[in-house]
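S.K.: requesting a structural model of the entry that follows:
(one chain, ligands or ions: 2)
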Amino acid sequence: MAGRVLAIDQGTTSTRCIVFDAGARVLATAQREFRQHYPHHGWVEHDPADIWCDTLATARAVLAEAGPVAAIGITNQRETVVVWDRNTGEPIHRAIVWQDRRTATVCQTLRDAGHEPLVSARTGLLLDPYFSATKIGWILDAVPGARRRAERGDLAFGTIDAFLLWHLTGGRVHATDATNASRTLLFDIHRQCWDAELCALFGVPEPLLPEVRDSSGQFGETSLFDGGAIPIAGIAGDQQAALFGQTCFEPGAAKATYGTGCFMLMNTGRAAVTSNNRLLTTTAYRLDGEASYAVEGSIFVAGAGVKWLRDGLGLITHASQTDDMATRVADNGGVYMVPAFVGLGAPHWRPEARGLISGLTLGTTAAHVARAALEAVAYQTRDLAEAMAADGAGRPEALRIDGGMSANSWLCQFLADILETPVERPAMPETTALGAAFLAGMATGVWDGIAGVAAVDRRVEQFTPDIAGAERAALIAGWRGALARTLI
Ligand SMILES: Nc1ncnc2c1ncn2[C@@H]1O[C@H](COP(=O)(O)OP(=O)(O)O)[C@@H](O)[C@H]1O
Ligand SMILES: O=P(O)(O)OC[C@H](O)CO
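M.R.: Ligands and ions are numbered 1, 2, ... in the order given. Down below sits the predicted model:
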């Protein structure tokens, strides 16, 4: 058991469990995709029972293969809301997922009433349906009697980490960590506590809320697996966990994770940098009561655009085909895709925007459309990097990348070309899970603090910019033209 840590990585489309050793090597891995529910246009839900079942099954599978572990770390899709009954543990509604836009009007009404400056100053976020608070309010209003039960303290709210922690500890612990709390619109990131005024503004009764703890530390124990009680000793939202797993500990170090969406975070150290360019300020991690911060750009559709090529258009049968398709065409043929399928996130924040493909001719092939889906990810990343630089956060020396889509080498090279910055892809791509393992292992003596984690050997593959300035400028101009049509 010495030195082995189990990471639970509960993502938007799949649940993964990975056991790492003290050298951050993967000893066992198991993954299950689960069903997405789209009950109405723009709504996205998950069944919490699927998430719990898959967590147990994948954890049992890797523990059977790798043997006992010293600790468990949890990392999770952020903002997604579960409300459950404290007595039975039963959710009172399906989980409302971060991508869900059903509360766009509520957010607009709050913006019109002038609440955004106060909300942003305290939370570092914006009034967008992406975040948890308005989703909690929606559930309390939609489920008969829920608001009264919440006020009486009979219900519990949690992001997915808290929901899993509750079940792993047999209903004994209702807690979350500071990174997850920072995504709810209810948490003051400067004072590092729930904010009563924001709870009142969003109509969220305080008895619903979990206790907020450091990202590394004892959260509780689980006895659900063979071999005795295992401490749950680390929790972080998946993007913050990836920042940690990529060892972005110094101010200016940045990572971008390309999964369903793309999330670029730059460490800003002890300073919570306020953005003038509609980026988010968020807790990067909290250790020994001290918060470190990050500036974040969130793009809602990255790999989801490739998934749409597969499931919506039937252009491909596997996501990895896009690598070959993009390589096959000499250029993009003037085709641009703006993947605003669920609105646009940073730096635009336009929930009502919708996607487009522009520049189609009779010469356009499936390969051009596939390439446009990949290119869009790089252009959007550049837009985020420019916004970060304009905010004074600086430009990273290299962008560390990860996530399912980073397997696409064509995209990695194009990203370096468009960003004018080297892109580093780690040999071990499971950096999100590794971040959760690091946090749990630091609390249980597997790694000796941040210095111990930073000393772990990390092999990376580097992609360096290799494109003429004029070509880059022309491509970016083409993107800006397509984007402008979406933003009308
Ligand atoms: N080789 C590839 N090229 C392009 N996209 C890919 C490739 N492999 C996976 N993807 C995309 O990456 C996403 C899965 O990444 P993952 O990190 O598992 O996502 P999440 O954690 O959001 O569930 C899918 O949307 C898929 O379309
Ligand atoms: O599940 P992922 O990897 O798409 O990440 C989702 C984000 O945490 C949403 O903010």
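
S.K.: around ligand 2, pick out the residues from the chain.
M.R.: Applying the criterion C-beta under 6 Å from any ligand atom, the portion of the chain that neighbours ligand 2 consists of 11-12, 77-79, 98, 237-239, 259-261, 263. The way it works is simple: take the backbone N, C-alpha and C, and place the C-beta from them, glycine included.

S.K.: least confident pick among those?
M.R.: Summarising pLDDT for those: the lowest-scoring member is Thr260, with 86.

S.K.: on that earlier part again, in TSV: the residues of the chain next to ligand 2, plus distance to ligand 1 and neighbour count.
M.R.: Written out in TSV, the entries for those read as follows (distance: C-beta to the nearest ligand atom, whole Å; neighbours: other C-beta atoms under 10 Å):
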residue	distance to ligand 1	neighbour count
Gly11	3	21
Thr12	4	22
Gln77	7	26
Arg78	11	27
Glu79	13	26
Trp98	10	25
Gly237	12	34
Asp238	7	29
Gln239	10	30
Gly259	3	23
Thr260	3	26
Gly261	7	26
Phe263	10	29
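
S.K.: packing partners for the lengthiest strand in the chain?
M.R.: Of all the segments assigned as strand in the chain under DSSP state E, the longest by residue count is strand 290-299. Using 3 or more C-beta pairs under 8 Å, 6 or more residues apart in numbering; DSSP states H and E, the elements in contact with strand 290-299 are helix 238-245, strand 262-269, strand 280-287, helix 366-390.

S.K.: go again with 10 Å.
M.R.: In terms of contacts (3 or more C-beta pairs under 10 Å, 6 or more residues apart in numbering; DSSP states H and E), strand 290-299 is packed against helix 178-181, helix 238-245, strand 254-258, strand 262-269, strand 280-287, helix 366-390.

S.K.: tell me where the stretch 51-200 of the chain has helices.
M.R.: Shown for the stretch 51-200 of the chain, the helices assigned by DSSP state H, counting those that start in this stretch span residues 104-112, 116-123, 133-142, 146-152, 160-168, 178-181, 196-202.

S.K.: most packed of those helices?
M.R.: For the helices of the stretch 51-200 of the chain, the stretch with the most neighbours on average is helix 178-181, a mean of 30; neighbours defined as mean count of other C-beta atoms under 10 Å.

S.K.: export only the CA atoms of it, formatted as CSV.
M.R.: This file holds the C-alpha atoms of helix 178-181, laid out as CSV (Å, rounded to 0.1, in the frame of the first residue of the first chain):
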residue,chain,number,x,y,z
ALA,A,178,-12.2,25.5,-1.7
THR,A,179,-11.7,25.0,-5.5
ASN,A,180,-15.1,23.5,-6.0
ALA,A,181,-16.8,26.0,-3.7
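
S.K.: average model confidence for it?
M.R.: The pLDDT scores in helix 178-181 average 98.

S.K.: could we number from 389 for the rest of this?
M.R.: New numbering, starting at 389: the last item is helix 566-569.

S.K.: so how far is it from its chain's centroid?
M.R.: In terms of C-alpha atoms, centre = their mean, to the nearest Å, the gap separating the centre of helix 566-569 from the centre of its chain is 12 Å.

S.K.: for stretch 642-661, same thing?
M.R.: Averaging C-alpha coordinates over stretch 642-661 and over its chain gives two centres that are 10 Å apart (C-alpha atoms, centre = their mean).

S.K.: if we can go back for a sec, what angle sits between the longest strand of the chain and strand 642-646?
M.R.: Between the axes of strand 678-687 and strand 642-646, defined by axes from the mean of the first three to the mean of the last three C-alpha atoms, to 10 degrees, the angle is 50 degrees.

S.K.: for strand 678-687, which strands pair with it and how are they oriented?
M.R.: Applying DSSP bridges, strand 678-687 is found paired with strand 650-657 (antiparallel), strand 668-675 (antiparallel).

S.K.: in the first one, what's buried?
M.R.: What it means is strand 650-657. Cys650, Phe651, Met652, Leu653, Met654, Asn655, Thr656 (16 or more other C-beta atoms under 10 Å).

S.K.: cool, and stretch 804-818?
M.R.: For stretch 804-818, the buried set under the neighbour-count rule, 16+ other C-beta under 10 Å, comprises 804-807, 809-814, 816-818.

S.K.: just stretch 858-876 next, same as before
M.R.: For stretch 858-876, burial by neighbour count (16+ other C-beta under 10 Å) applies to Arg860, Leu863, Ile864, Gly866, Trp867, Ala870, Leu871, Thr874.

S.K.: show me the contacts for the first one.
M.R.: For Arg860, the set of contacting residues under the criterion of C-beta atoms under 10 Å, 6 or more residues apart in numbering consists of Arg770, Asp805, Ile806, Leu807, Glu808, Pro853.

S.K.: swap the cut-off to 8 Å and go again
M.R.: With contact taken as C-beta atoms under 8 Å, 6 or more residues apart in numbering, Arg860 is in contact with Asp805, Ile806, Glu808.

S.K.: same question for it, what's its three-state structure.
M.R.: What DSSP: H, G, I helix; E, B strand; the rest coil gives for Arg860 is helix.

S.K.: how close does it sit to ligand 2?
M.R.: In this structure, Arg860 and ligand 2 are separated by 28 Å, where distance is defined by C-beta to the nearest ligand atom, to the nearest Å.

S.K.: Gly780: how many residues sit nearby?
M.R.: The burial count assigned to Gly780 is 12, neighbours taken as other C-beta atoms under 10 Å.
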